[in-house]
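Undergrad: no sequence on this one, just coordinates:
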């Protein structure tokens with residue numbers, strides 16, 4: 001039945017008139033949606049554009065579709081591969097890495113591919129060397145993205161891409177939620193949702209706000225065999241809870257997908273402790289707001305946490321997550337390394353039991369850190385407070401330009 005539904009979506013998409021599929025957004029899962037939704041909303045509501053949204057999310061309901069939006073589900077598999085290879089659109093906007101490198105290829109038709117970053121981290125250490133090579137435009141978060149992409153193009157003689165100074169809407173949203181700085185508008189229609197969070201392994205309602213007097217640590221590492229949860233998750237959580245520090249566990253969705261037993265083991269051990277909570281949705285913000293300190297490893301989430309909320313970060317010194325062994329050839333320090341010096345402190349792996357002391361030391365200097373992080377926000381991120389608007393207008397401009405080229409070609 002699901003294959004038949006996917007086929008109906010495939011046919012329905014291709015039957016749309018060209019003007020209705022000029023701007024297409026693609027999301028692999030619901031994790032992509034909170035990066036794309038603000039742009040879609042602005043295009044529809046403020047620029048009066050018709051937008052298509054295609055998702056490969058397997059289970060969550062499709063987002064509600066206003067009159068100016070068409071939604072489709074085409075799950076992973078042969079049909080999705082064929083959809084990518086045959087799509088006709090002026091611009092395809094996505095936050096999926098490695099276009100062309102694996103099974104999802106560029107279309108045989110002239111489509112402009114615009115990549116929206118889902119992370120504030122660098123492009124050349126955590127990601128594959130060629131992860132960004134096959135996009136036409138990159139909507140960059142900050143100057144570091146421009147420098148890294150241009151350096152790779154120079155070293156490997158790649159055609160120059162259109163690098164647009166975009167920014168990071170997720171950061172603006174966090175600042176607005178925290179009530180610090182220029183507010184960003186909340187999404188006006190809900191995305192497809194999974195259960196909000198679980199308390200231990202139960203799928204109940206969100207836990208109540210904690211009393212302000214007790215310290216809460218958010219444990220949100222990256223994924224992979226060298227992440228905190230794999231290397232030292234149990235002793236770290238035990239040390240924090242033993243010192244009276246609440247722990248919110250928010251694993252990366254890839255850890256939950258690829259190594260569920262790691263998360264299940266932690267929930268089984270600590271789930272009965274009233275100071276422990278397990279959050280299953282990475283796109284939620286309550287855990288960020290409720291916590292006093294973030295504990296992570298090499299996750300670029302530390303950037304948005306520190307710059308958006310002005311709170312400190314404790315970095316556990318597990319081995320770095322490197323998918324590009326040649327990252328040093330660019331001669332540019334990855335943001336994942338730089339932030340360790342500037343946004344908090346590093347906890348040696350053999351001193352995990354000292355985590356509570358480091359947390360206390362970090363929290364003693366939060367006032368100064370807040371001021372410094374507000375300044376870094378202006379330095380590291382483009383268009384703070386305006387990124388949704390400038391990004392949506394750029395996507396519309398690209399679509400109009402491509403539509404004009406196509407019309408001239410047909411006339412010729």
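TA: Great, that's in hand. Since we're looking at a predicted model, the values are computed, not measured.
Undergrad: run through the residues that contact the residue nearest the centre of the chain.
TA: For the chain, the residue nearest the mean C-alpha position is residue 118 (3.2 Å; Cα atoms, centre = their mean). Residues in contact with residue 118 (Cβ atoms under 8 Å, 6 or more residues apart in numbering) are 31-32, 35, 95. Just so you know, the C-beta spots here come from the backbone N, C-alpha and C atoms, and that holds for glycine as well.
Undergrad: give me the domain ranges for the protein.
TA: According to automatic domain parsing, the chain comprises the domains 2-168+384-411, 196-380.
Undergrad: most surrounded residue in the contacts of residue 118?
TA: In terms of neighbour count, residue 32 stands highest of the contacts of residue 118 at 22 neighbours, by other Cβ atoms under 10 Å.
Undergrad: coming back round to it: out of the domains of the chain, which gets nearest to residue 179?
TA: domain 196-380 (9.7 Å; Cβ to Cβ).
Undergrad: out of the contacts of residue 118, which sit inside helices?
TA: Using DSSP state H, residue 35 are the members of the contacts of residue 118 that sit in helices.
Undergrad: now for the helix or strand where residue 154 lies, which elements pack on it?
TA: Element membership for residue 154, per DSSP states H and E: helix 143-156. If contacts are counted by 3 or more Cβ pairs under 8 Å, 6 or more residues apart in numbering; DSSP states H and E, helix 143-156 sits against strand 137-140, strand 162-165.
Undergrad: so what touches the first one?
TA: This means strand 137-140. For strand 137-140, the external contacting residues (Cβ under 8 Å, 6+ apart) are 112-117, 132, 145-146, 149, 161-166, 382, 391, 394, 398.
Undergrad: what about the stretch 251-400 of the chain, any weak spots by pLDDT?
TA: Scanning the stretch 251-400 of the chain with the threshold set as pLDDT under 70 gives 282-283.
Undergrad: about what we covered before: of the contacts of strand 137-140, grab the buried ones for PyMOL.
TA: The PyMOL command for the buried members of the contacts of strand 137-140 (criterion: 16 or more other Cβ atoms under 10 Å) is given here:
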select buried, resi 112+113+114+115+116+117+132+145+146+149+161+163+164+165+166+382+391+394+398
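Undergrad: which residues does the closest residue to residue 216 other than its chain neighbours contact?
TA: Among residues not flanking residue 216 along the chain, residue 246 sits closest, at 4.2 Å (Cβ to Cβ, 6 or more residues apart in numbering). Contacts for residue 246 (Cβ under 8 Å, 6+ apart) come out as 210, 214-217, 275-277.
Undergrad: just the buried ones from the residues you listed?
TA: The buried subset of those (16+ other Cβ under 10 Å) comprises 210, 215-217, 275-277.
Undergrad: would you turn those into CSV with secondary structure and distance to residue 259?
TA: Output for the buried ones among the contacts of residue 246, formatted as CSV (DSSP: H, G, I helix; E, B strand; the rest coil; distance: Cβ to Cβ, whole Å):
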residue, secondary structure, distance to residue 259
210, coil, 28
215, coil, 28
216, strand, 25
217, strand, 22
275, coil, 24
276, strand, 19
277, strand, 20
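Undergrad: quick one: which of these is nearest to residue 18?
TA: For the buried ones among the contacts of residue 246, the nearest to residue 18 is residue 277 (49.0 Å; Cβ to Cβ).
Undergrad: from the contacts of residue 246, pick the one nearest residue 13.
TA: Nearest member of these to residue 13, counting by Cβ to Cβ, is residue 277, at 40.7 Å.
Undergrad: once you drop chain neighbours, what's closest to that closest one?
TA: Closest residue to residue 277 apart from its sequence neighbours, by Cβ to Cβ, 6+ apart: residue 248 at 4.9 Å.
Undergrad: doesn't residue 288 make contact with the one you found?
TA: No. Proximity of residue 248 to residue 288 does not meet the contact threshold set by Cβ atoms under 8 Å, at 9.1 Å.
Undergrad: any shared contact partners between those two?
TA: By Cβ under 8 Å, 6+ apart, the residues touching both residue 248 and residue 288 are residue 218.
Undergrad: so where do the helices sit in the stretch 251-400 of the chain?
TA: 253-258, 260-270, 286-290, 301-309, 335-342, 355-363, 366-380, 387-411 (DSSP state H, counting those that start in this stretch).
Undergrad: for the ones you listed, which one sits closest to residue 40?
TA: Proximity to residue 40 (Cβ to Cβ) singles out helix 387-411 among these, at 8.3 Å.
Undergrad: quick one: that closest one to chain centroid distance?
TA: Averaged C-alpha coordinates place helix 387-411 at 25 Å from its chain's average position (Cα atoms, centre = their mean, to the nearest Å).
Undergrad: kindly report the same for stretch 315-325.
TA: From the chain centre to the centre of stretch 315-325 is a distance of 18 Å (Cα atoms, centre = their mean).
Undergrad: for burial, what's the neighbour tally of residue 256?
TA: Residue 256 has 15 neighbours, counted by other Cβ under 10 Å.
Undergrad: also residue 105?
TA: Residue 105: 13 neighbours (other Cβ under 10 Å).
Undergrad: before we move on, the earlier item: wasn't the residue nearest to residue 277 part of a strand?
TA: Yes. When classified by DSSP: H, G, I helix; E, B strand; the rest coil, residue 248 is found to be part of a strand.
Undergrad: tell me which residues touch it, please.
TA: So residue 248 contacts 216-219, 277-279, 287, 290-291 (Cβ under 8 Å, 6+ apart).
Undergrad: kindly recompute the last result at 7 Å.
TA: By Cβ atoms under 7 Å, 6 or more residues apart in numbering, the residues touching residue 248 are 216, 218-219, 277, 279, 287, 290-291.
Undergrad: do residue 240 as well
TA: Contact partners of residue 240, counting by Cβ under 7 Å, 6+ apart, are 217, 247, 355-356.
Undergrad: same thing but 8 Å
TA: Residue 240 neighbours (Cβ under 8 Å, 6+ apart): 217, 219, 247, 295, 355-356, 359.
Undergrad: hang on, the earlier thing: looking at the contacts of residue 118, which one is closest to residue 79?
TA: residue 32 (19.1 Å).
Undergrad: which intervals of the stretch 1-150 of the chain have sub-threshold pLDDT?
TA: Applying pLDDT under 70 to the stretch 1-150 of the chain flags residues 1, 60-67.
Undergrad: re the thing from before, and the domains of the chain: which comes nearest residue 174?
TA: domain 196-380 (3.2 Å).
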